[in-house]
Structure formats: structure tokens, C-alpha cells
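A.B. asks: quick one, fold the following:
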Amino acid sequence: MLELTYIAATSRLERLGIQERQVLQLIAHGQSETAIGRQLGLGPDATAELCDRVFDKLGLTPTAYISRRVLAVLTLRQAPSRARDAAH
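C.D. replies: So this is what the prediction gives:
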């Protein structure tokens, strides 16, 4: 069931804008919201909103055992290489 969540999310990658794809890539590299905000020149609230938007657009919801961040990493790893490349 869990696998279906992040595999389904790969089909939603095209919904992300350029900045959202950057955020997904930074999340996948283990960056904190603070580090993401610093890198993109955003304040804490704007960064949190942007991260939430990425998770929402991909349809990633946490479970008792796995966070949205881990699901985002799995989504990006499962994506076809052209979708991963577009996230750069």
C-alpha cells in the first residue's frame, strides 16, 4: 500500500513548478526547511508553505511510520530519469 502512494505521486511531478521542483530536490538531499529557506532566500513561513504545497501537489500524506519527507524522497527516486532531471 505504501509503495502505491509514492509510485502514484511520480505521475504528479509535472504539477510542480520550477521552485517546487527545487524544493523537492533539496528535501531529497536531506535539507531542513531552514536550509531550504536560506538557499532560496525565503522566510520561515514562506518556506513551510512551499514545502507543504509540494507535499500536497504530490498527494503525500504521512503515516504513523513514515514522514512526508521520506515519501518525497521515495517519489523522486521512483520517478523516471527524465522527471528526476527536471527536478534539478
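A.B. asks: can you tell me the SS state at Val54?
C.D. replies: helix (DSSP: H, G, I helix; E, B strand; the rest coil).
A.B. asks: tell me the contacts of the residue lying closest to Ala72 once chain neighbours are set aside?
C.D. replies: Using CB to CB, 6 or more residues apart in numbering and skipping residues adjacent in sequence, the residue nearest Ala72 is Ile27, 5.0 Å away. C-beta: built from backbone N, CA, C; applies to glycine. By CB atoms under 8 Å, 6 or more residues apart in numbering, Ile27 lies in contact with Ile36, Cys51, Val54, Arg69, Ala72, Val73.
A.B. asks: go on, Arg15?
C.D. replies: Lys57, Leu58.
A.B. asks: repeat for Thr47
C.D. replies: Glu33, Thr34, Ile36, Gly37, Leu40.
A.B. asks: let's see it at 6 Å
C.D. replies: Glu33, Ile36, Gly37 (CB atoms under 6 Å, 6 or more residues apart in numbering).
A.B. asks: return the subset of those residues lying in helices.
C.D. replies: Glu33, Ile36, Gly37 (DSSP state H).
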